[in-house]
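Engineer: Sequence first, predicted model second:
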Amino acid sequence: MIKNMKITAFLMCLILLTGCGQQNSGNVMVTSEIEQITFLKCIDNPDLYNAYVVYVITPDQITEYSLTDHWMNSSEGYDFFEEGFPDESEYTTYRYALARGGWFTIVDAFVDNKFAALPEDLTAEGISNGRTYEIEIKTVDGTFRSGGNGAGFGNDKDHERYHEVVLTLEDVRYRAYVSASERGEIITSPQP
């Protein structure tokens, strides 16, 4: 009996010291770990429209950077994650509030779909649909990025998980934009 109690006490101490299996191991396990999300959406379809938009999402706000004109006028191509923001005169910024519930919906999608375990390059082979998605999350443990041309449109589990994250980001972002627009609370710069 005393021997079993010692073993139980030892195991409990071991669990307390090492945690209950909630190690990060390439996956964001706890929602409070995510501090900021950067979502890049590039649509290149001359028959419909072109768009190069970067959304920076924090727990209470979405900042939308419309970089389409800069991207279209770039003779050598443009990579936001490599080059950063161009001169402020070359894009328009829209800021609007994000409800706390919207933030947790987004974060849950990252956690549920094990975003941090996705490969950095998630280019879909054989797909040329003119859509590129890049997502970067900043967490307490570091920065994780995944995406590429056709990301989320491939036929494997990684693409399915990525697609679920993109759908959630698009849905929550759209609802936040509409809500702020109806209240007249979108801050635009430079002013049109």
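Structural biologist: Cool, the structure landed. Everything quoted here is computed from the prediction, not taken from an experiment.

Engineer: Which residue is the nearest non-sequential neighbour of G154?
Structural biologist: Beyond its immediate neighbours in the sequence, the residue positioned closest to G154 (C-beta to C-beta, 6 or more residues apart in numbering) is A124, lying 3.9 Å away. C-beta: built from backbone N, CA, C; applies to glycine.

Engineer: Correct me if wrong: L118 contacts Y162.
Structural biologist: Yes. With contacts defined as C-beta atoms under 8 Å, L118 counts as touching Y162 at a distance of 6.1 Å.

Engineer: shared neighbours of those two, anything?
Structural biologist: Common contact partners of L118 and Y162 (C-beta atoms under 8 Å, 6 or more residues apart in numbering): S146.

Engineer: Run through the protein and note the low-pLDDT ranges.
Structural biologist: Along the chain, the parts satisfying pLDDT under 70 run over 1-32, 46-48, 128-129, 191-192.

Engineer: residue ranges of the strands in it, please?
Structural biologist: Chain-ordered strands for the chain, with DSSP state E as the definition, fall at 34-45, 49-58, 61-66, 92-97, 131-139, 142-149, 187-189.

Engineer: Format those as TSV; extra columns: distance to D79 and mean neighbour count.
Structural biologist: Conversion of the strands of the chain to TSV gives the following (distance: least, C-beta to C-beta, whole Å; neighbours: other C-beta atoms under 10 Å):
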stretch	distance to D79	mean neighbour count
strand 34-45	9	18
strand 49-58	10	17
strand 61-66	14	19
strand 92-97	19	17
strand 131-139	9	20
strand 142-149	12	18
strand 187-189	24	12
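
Engineer: Turn the ones you listed into a markdown table, including distance to E83.
Structural biologist: Supplementary listing: the strands of the chain in a markdown table, determined by distance: least, C-beta to C-beta, whole Å:
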| stretch | distance to E83 |
| --- | --- |
| strand 34-45 | 12 |
| strand 49-58 | 12 |
| strand 61-66 | 13 |
| strand 92-97 | 17 |
| strand 131-139 | 13 |
| strand 142-149 | 15 |
| strand 187-189 | 21 |
